[in-house]
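**Student:** Got a predicted model here, sequence first, then my questions.
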Amino acid sequence: MAEEYKVFGVHMGKAKCSVDLSNGSERGEYVNQDYIINKLGRPHRAVNLMYCYYPLDEGFPVRASVAFPSKDTTNAWGFPYDDYYTYGGGLNGSKDAPVFEQMRDIRRHGQDVILTLTIDPHVSDEHLIAIAKDLLPFGRLMIRINHEATGNWFSFNKRCTYAEVGAFFARFAKIIHEYAPNVKTILCAGCYDPATGKLEKEEEFAEAAKEADIWSIDKYMALHWGWPYDIAEVGGGSYGYTGAEAVYKSLEDTYARYKESTGMVKPMVMSEHNADGDVTGPYDQCRIMRHFCDMVVDKKANWIEGFALYQFRDRGRLGLELEDPNNPEVGIEQPLMAEYKKIIHEDWFEPKMDYSAEVKLPVTLRWGDSEDSDGIAVSLKFEKDPVFCELWFDEDDESNMMIELNGRWFYKSPKAKYVDLMPAFYENHLDGKTKLSLKIFCPPASGENEDGAIDSFTTLEKLPKIRIAYEPCIPFTN
């Protein structure tokens, strides 16, 4: 049936402002990508994972709150080392550890990985080289080393001076650049301080700022930092509200100061961003997020490379879903989910698609990353809103695909032989005759690239069978 359809080349490039998603942390469990993409209708540029590496510590690699269950603490960071899930790679580690399974899950679903890693600055270069080699097969990966580095809550800050934390970042970044040149390093440090005209701890992180590939801040428009050890009540002191406009201004000023202090121009992102529903309630949480994103669009702030929504499912109220206290595998959708879904389907936040000349199958597709990949676009003509729209694949077809139709994305795993495309029309009906492009991209099925390559390649021999029908088998009569 391939000869019935015209097929064109299509390149997926950068959004004006990319959207990333944090998935799993001290506050929630990792949620699989099939579920997330079906809930939100599209993949993200990247998915952020949060892990820690303190291999010299007693108790490691057991998670801190499990290793020290009787530890007398009144805050989330009161354990001997950070209470993230522990990074299972590194020196003497295993590539079967959960972090690598999650990274593969993310990449096979057409997204890049951001690895947030808090790490003991006292580890040797041997440890850091091992981590760099761990990351080599995962394409255009971004690593956020010892984030919120000018704070005082993480274990690495309690063990070292700020100058030592900055020097460690620079040391690790140089090792990453040597042993895993496909990986980009993110420095998440202090914001601009109007009182001094400088970045917080600017001198201590001067070398790190120059060595980093990407600059970043974590900035919440509202946050209950006392969670889960108290409840945010009116008049309490464990939460704060900054607001959308002040956060935007802080990001803008911080970026300007980075450029001025380093004499360089690098990408600027916000690696953790949200308004905490514990502080704002569920409805103002939506309004604040919408206000921030509207400012980004209205100001045409294309200097913001992207922001990461923290997070998909949360035990508190920083998630698109609230983790069901009866079952951590169940999420309770929050009002923010619908608002965020609208935002990420708007033009400013969606990847750019550029079409090229007609192509003939078989065709070899290149997957570079979520901002630089080549696929195909199949031209489809619809008479009206369909009742059935499906793809059927041959039994021997083991392709791994991300598929887009009418603004809605679908995943096809190597074992799947059928994709129901009807969800593309449930929220976006067709009004009469319409032409649509069925886009197909092929990220690596294993989630890894061979030999540390940036690109992976897949040859499509033919199109799947495309079934479009406009009437049910038996129409409704009574």
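**Tutor:** Cool, the structure landed.

**Student:** Tell me which stretches of the stretch 1-150 of the chain form helices.
**Tutor:** For the stretch 1-150 of the chain, applying DSSP state H, counting those that start in this stretch gives helices covering 33-40, 64-67, 98-108, 125-135.

**Student:** Which one of these lies nearest to Asn92?
**Tutor:** Asn92 lies closest to helix 125-135 among the helices of the stretch 1-150 of the chain, at 8.1 Å (C-beta to C-beta). C-beta: built from backbone N, CA, C; applies to glycine.

**Student:** and the angle from that closest one to helix 98-108?
**Tutor:** 40 degrees (axes from the mean of the first three to the mean of the last three C-alpha atoms, to 10 degrees).

**Student:** Just name whatever secondary elements helix 125-135 is in contact with.
**Tutor:** Applying 3 or more C-beta pairs under 8 Å, 6 or more residues apart in numbering; DSSP states H and E, one finds that helix 125-135 contacts helix 162-179.

**Student:** can you give me the mean pLDDT across the helix it packs on?
**Tutor:** Helix 162-179 comes out with an average pLDDT of 98.

**Student:** what's the answer for stretch 139-157, then?
**Tutor:** 97.

**Student:** Kindly report the same for stretch 97-115.
**Tutor:** 98.

**Student:** Quick one: end-to-end distance for it.
**Tutor:** 14 Å (C-alpha to C-alpha, to the nearest Å).

**Student:** List the buried residues for it?
**Tutor:** With burial defined by 16 or more other C-beta atoms under 10 Å, the residues of stretch 97-115 counted as buried are 97, 99-100, 102-115.

**Student:** still on that earlier bit, will you turn the helices of the stretch 1-150 of the chain into TSV that also has distance to Glu323?
**Tutor:** Shown next, in TSV, are the helices of the stretch 1-150 of the chain (distance: least, C-beta to C-beta, whole Å):
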stretch	distance to Glu323
helix 33-40	13
helix 64-67	16
helix 98-108	17
helix 125-135	29
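
**Student:** Nearest to Ala232 among those would be which one?
**Tutor:** helix 64-67 (21.6 Å).

**Student:** which of the residues in that closest one are buried?
**Tutor:** So, applying 16+ other C-beta under 10 Å, buried residues of helix 64-67: 64, 67.

**Student:** With just CA atoms, put that helix into PDB.
**Tutor:** The C-alpha coordinates for helix 64-67 follow below in PDB (Å, rounded to 0.1, in the frame of the first residue of the first chain):
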ATOM      1  CA  ALA A  64      19.800   7.000  52.800                       C
ATOM      2  CA  SER A  65      16.300   6.800  54.400                       C
ATOM      3  CA  VAL A  66      16.400   3.000  54.200                       C
ATOM      4  CA  ALA A  67      20.000   2.700  55.400                       C
END
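
**Student:** I'd like the average pLDDT over it.
**Tutor:** 94.

**Student:** which secondary structure elements does that helix contact?
**Tutor:** Partner elements for helix 64-67 (3+ C-beta pairs under 8 Å, 6+ apart): none found.

**Student:** can you do 10 Å?
**Tutor:** Using 3 or more C-beta pairs under 10 Å, 6 or more residues apart in numbering; DSSP states H and E, the elements in contact with helix 64-67 are strand 85-86.

**Student:** Now do the strand it packs on: which elements does it pack against?
**Tutor:** strand 46-53, helix 64-67, helix 98-108.

**Student:** where in the chain is pLDDT low?
**Tutor:** Applying pLDDT under 70 to the chain picks out residues 1-3.

**Student:** sorry, back to before: can you put the helices and strands packed on strand 85-86 in CSV and add distance to Tyr85?
**Tutor:** Converted to CSV, the helices and strands packed on strand 85-86 look like this (distance: least, C-beta to C-beta, whole Å):
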stretch, distance to Tyr85
strand 46-53, 6
helix 64-67, 10
helix 98-108, 7
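
**Student:** Out of those, which gets nearest to Leu251?
**Tutor:** Comparing those by C-beta to C-beta, strand 46-53 comes nearest, at 17.4 Å.

**Student:** That closest one: partners in the sheet, and parallel or antiparallel?
**Tutor:** strand 18-22 (parallel), strand 85-86 (parallel), strand 112-119 (parallel) (DSSP bridges).

**Student:** Restrict it to CA atoms and write it as PDB.
**Tutor:** What follows is strand 46-53, C-alpha atoms only, in PDB (Å, rounded to 0.1, in the frame of the first residue of the first chain):
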ATOM      1  CA  ALA A  46      14.300  15.600  27.800                       C
ATOM      2  CA  VAL A  47      13.300  13.800  31.000                       C
ATOM      3  CA  ASN A  48      15.200  14.600  34.200                       C
ATOM      4  CA  LEU A  49      16.200  11.800  36.600                       C
ATOM      5  CA  MET A  50      17.600  12.500  40.100                       C
ATOM      6  CA  TYR A  51      20.200  10.300  41.700                       C
ATOM      7  CA  CYS A  52      23.100  10.400  44.200                       C
ATOM      8  CA  TYR A  53      26.600   8.900  44.300                       C
END
